[in-house]
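Visitor: everything below, folded, please.
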Amino acid sequence: MIMQTKPLLYGLVGFFVGGFIVSVAATTFDKPNEQASTDTSMTAIMQMSTESLKGKMGDEFDKAFVAEMIAHHQGAIDMAKLSLENAKHDEVKQLSRDIIAAQEKEIAQMNQWQKDWGYAADSVHRMDHGAAH
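Guide: From the prediction side, this is the model:
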């Protein structure tokens with residue numbers, strides 16, 4: 001039973017971390033004075049993700065790594081979509097389109113790996129973030 005709840009737990013952690021990243025980006029990137037605190041928050045989030053992988057090996061590591069990377073990539077997509085709506089410069093908007101395309105492709109690949117390897121977290125990520133668009 002415990003083994004079945006781990007993928008769900010990883011998926012939920014990824015979902016909340018991704019949501020937190022998007023909410024931080026949406027509320028603080030337009031405030032230059034708060035950029036340093038945003039950078040610190042994102043660094044802390046990434047350290048939490050890295051810490052969650054320590055001590056894992058083999059299949060357990062792969063499962064957790066892929067789940068964390070899907071959440072990380074989805075956060076990048078969400079931020080890039082905000083950029084498409086709010087950015088001033090065409091270069092930033094083009095970069096955002098490139099990020100969305102690349103990250104969606106990689107999420108699709110990782111979702112396929114989860115399916116191929118029998119990782120239940122695949123369904124959690126589709127439920128949280130939708131299919132790989």
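
Visitor: tell me the mean pLDDT for the helix with the most length in the chain?
Guide: Assignment by DSSP state H gives helix 58-86 as the longest helix of the chain. Averaged over helix 58-86, pLDDT sits at 95.

Visitor: for the next helix or strand after it, packing partners?
Guide: Where DSSP states H and E defines the elements, the next helix or strand beyond helix 58-86 is helix 90-116. The contact analysis (3 or more C-beta pairs under 8 Å, 6 or more residues apart in numbering; DSSP states H and E) places helix 90-116 against helix 58-86, helix 121-129. C-betas here are computed from N, CA, C, even on glycine.

Visitor: need those in CSV with distance to Q94 and mean neighbour count, can you?
Guide: Output for these, formatted as CSV (distance: least, C-beta to C-beta, whole Å; neighbours: other C-beta atoms under 10 Å):
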stretch, distance to Q94, mean neighbour count
helix 58-86, 10, 19
helix 121-129, 24, 20
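
Visitor: want to throw the ones you listed into JSON lines with distance to L95?
Guide: JSON lines is the format used below for those (distance: least, C-beta to C-beta, whole Å):
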{"stretch": "helix 58-86", "distance to L95": "8"}
{"stretch": "helix 121-129", "distance to L95": "21"}
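
Visitor: which helices and strands does the longest helix of the chain pack with?
Guide: So helix 58-86, by 3+ C-beta pairs under 8 Å, 6+ apart, packs with helix 2-28, helix 35-53, helix 90-116, helix 121-129.

Visitor: if you set the cut-off to 6 Å instead, what comes out?
Guide: Where contact means 3 or more C-beta pairs under 6 Å, 6 or more residues apart in numbering; DSSP states H and E, helix 58-86 is packed against helix 2-28, helix 90-116, helix 121-129.

Visitor: show me the shaky parts of the protein.
Guide: 1-49, 121-133 (pLDDT under 70).

Visitor: on that earlier part again, mind checking which of the helices and strands packed on helix 90-116 is nearest A101?
Guide: A101 sits nearest to helix 58-86 of all the helices and strands packed on helix 90-116, at 9.5 Å, using C-beta to C-beta.

Visitor: and the closest residue to V66 other than its chain neighbours, how many neighbours?
Guide: With sequence-adjacent residues excluded and distances taken as C-beta to C-beta, 6 or more residues apart in numbering, V66 is closest to M110, at 5.0 Å. Residues within reach of M110, counting by other C-beta atoms under 10 Å, total 21.
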